[in-house]
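In: Next comes the sequence, and after it the predicted model I'd like to discuss.
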2 protein chains.
Amino acid sequence: MAETKKLEIEESTIIRTAAIAKALGHPARIAILKILAGQNSCFCGDITEILPLAQSTVSQHLKALKDAGLINGTVEGVRTCYCLNPDGIKELNEFLSRLSTDLMSTCC
Amino acid sequence: MAETKKLEIEESTIIRTAAIAKALGHPARIAILKILAGQNSCFCGDITEILPLAQSTVSQHLKALKDAGLINGTVEGVRTCYCLNPDGIKELNEFLSRLSTDLMSTCC
DNA sequence: TTTCTTAATCGTAATTATACGATAAAAATA
DNA sequence: TATTTTTATCGTATAATTACGATTAAGAAA
């Protein structure tokens, strides 16, 4: 039973880790995160000017990052102000560094 | 020019980071990496017994991990012996921890 | 009120990912 | 040699991703 429970926890960790990694799994989304890290807030239009992508595509990537819990978006009038979500970024750090540790410890 | 060069380097880093993250972006592949970390070598058939996936599907995931440089496969007679690729895992650790650091430093 | 701006969503097309069974190839075994 | 074992690959179906332009909705400005 303890075994089963441990397995369930492990599995949900795997699923969450994979979901975070998936959100990072496109150059545009990595770039967006770095842009948001460089300034403490940003609008979709600003990102669209920086990246060689259409506004609708940038909006889609922003949605993916938001769904993964890595960024927040707060409506400010006609625009939406995006910024990194501290909780999500902490989770990203925790889950991925834990994975790295697990893999490194038995490998390198 | 220094600026342009820096940008190119940055972009290749972003692309590689995204590629590594993409390889991690599926629960089955995270599970496979953990299985390989638990023992220093493994055959496709062993993994197929552990995971609820068909042999051909496991083989596909192994190929994805190999293409991303995260695992090695050496043919041993009729079987293939898979194990973590230390270089790839080091890269994983470097690129993702650097990303975490970049995002954490301005966020949390 | 009308026009403009901004971002989300819709519709769509093309590509990629995921999963499976079936098959093929190569080595081990009978 | 014939059979078995193991894994990669093929063929295929379905779903998801990625990208774009067009449209919509909501607020700001004229």
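Out: The structure has been received and is ready for your questions.
In: Show me which residues of stretch A:90-99 are buried.
Out: By 16 or more other Cβ atoms under 10 Å in any protein chain shown, the buried positions in stretch A:90-99 come out as A:91-93, A:95-96, A:99. All C-beta atoms are positioned from the backbone trio N, CA, C, and that covers glycine.
In: Can you name the residues in contact with it?
Out: Taking Cβ atoms under 8 Å, 6 or more residues apart in numbering or on different chains as the criterion, the residues outside stretch A:90-99 that touch it are A:13, A:16-17, A:20-21, A:24, A:69-70, B:24, B:30, B:33, B:96-97, B:100, B:103-104, B:108.
In: ok, now stretch A:48-56?
Out: When contacts are defined by Cβ under 8 Å, 6+ apart, stretch A:48-56 is touched by residues A:28, A:31-32, A:35, A:44-45, A:58, A:61.
In: Serialize those to a markdown table and add fields for pLDDT and secondary structure.
Out: Rendered in a markdown table, the data for the contacts of stretch A:48-56 read as follows (pLDDT from 0 to 100; DSSP: H, G, I helix; E, B strand; the rest coil):
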| residue | pLDDT | secondary structure |
| --- | --- | --- |
| A:28 | 98 | helix |
| A:31 | 97 | helix |
| A:32 | 98 | helix |
| A:35 | 96 | helix |
| A:44 | 98 | helix |
| A:45 | 97 | helix |
| A:58 | 98 | helix |
| A:61 | 98 | helix |
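In: Keep those residues, but drop any that are not near chain B.
Out: When the contacts of stretch A:48-56 are filtered against chain B using Cβ under 8 Å from any Cβ of the partner chain, the residues retained are residue A:31.
In: with the contacts of stretch A:48-56 in mind, which one is nearest to residue A:82?
Out: Distance from residue A:82 was checked for each of the contacts of stretch A:48-56 by Cβ to Cβ. The minimum falls on residue A:44, at 7.1 Å.
In: mind checking how far the one residue sitting closest to the centre of chain A is from DNA strand C?
Out: With distances taken as Cα atoms, centre = their mean, the residue of chain A nearest its centroid is residue A:70 (3.8 Å). Applying Cβ to the nearest atom of the strand, to the nearest Å, one obtains 14 Å for the distance of residue A:70 from DNA strand C.
In: hmm, back to that, Throw together a ChimeraX command that grabs the buried residues out of the contacts of stretch A:48-56.
Out: This is the ChimeraX syntax for the buried subset of the contacts of stretch A:48-56, where burial follows 16+ other Cβ under 10 Å:
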select /A:28,31,32,44,58,61
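In: check contacts around the residue nearest to the centre of chain A.
Out: When contacts are counted by Cβ under 8 Å, 6+ apart, residue A:70 touches A:20, A:23, A:33, A:84-85, A:88-89, A:92.
In: For DNA strand C, state which of these is nearest.
Out: Comparing these against DNA strand C with Cβ to the nearest atom of the strand picks out residue A:23 as the nearest, at 12.7 Å.
In: Where does the closest one sit, in terms of helix or strand?
Out: Counting by DSSP states H and E, the element that carries residue A:23 is helix A:2-24.
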